[in-house]
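Colleague: coordinates only, sequence not included:
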């Protein structure tokens with residue numbers, strides 16, 4: 001699966017936070033491994049031709065326990081929102097696209113509670 005977000009204007013992205021769906025932490029459709037792509041002029045046909053891959057990210061579970069088994073450290077980590085940082089020198093992009101490679105539960109759908117982007121100052 002993938003989804004695209006319009007940031008409204010080209011933005012110097014620094015990082016972003018993902019808050020997992022709290023009723024299924026580190027399980028079901030919460031993001032585990034994914035790519036983020038950027039574009040300023042995406043093709044209207046939805047293809048990937050006009051997109052640049054910014055990075056591949058992997059969610060971290062402090063305990064390392066299997067899906068469905070969470071420690072208090074896992075719960076606290078997820079409650080703070082997991083932060084991911086874009087590589088230094090990432091150009092400004094208006095549109096970002098998430099491509100899901102794997103979810104914590106290995107299902108064919110995704111969910112999340114909140115997503116927040118931060119720009120370079």
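Modeller: Okay, I see it. Computed from a predicted structure; not experimentally measured.

Colleague: give the contact list for the residue lying closest to residue 92 once chain neighbours are set aside.
Modeller: Leaving aside its sequence neighbours, residue 92 sits nearest to residue 10 (Cβ to Cβ, 6 or more residues apart in numbering; 4.0 Å). Where you see a C-beta, it was placed from the backbone N, CA and C, and this is true even at glycine. Residue 10 makes contact with 40, 92, 93, 94 under the criterion Cβ atoms under 8 Å, 6 or more residues apart in numbering.

Colleague: what are the ranges of the helices in the protein?
Modeller: Ranges of helices within the chain are 72-79, based on DSSP state H.

Colleague: can you give me the strands for it?
Modeller: In the chain, the segments counted as strands under DSSP state E are 2-11, 13-19, 31-39, 52-58, 82-85, 93-103, 114-119.

Colleague: Sheet-wise, list the partners of the fourth one with their directions.
Modeller: Using DSSP bridges, the strands paired with strand 52-58 are strand 31-39 (antiparallel).

Colleague: follow-up on the earlier one: can you tell me which of the contacts of residue 10 is nearest residue 100?
Modeller: For the contacts of residue 10, the closest approach to residue 100 (Cβ to Cβ) belongs to residue 93, at 19.0 Å.
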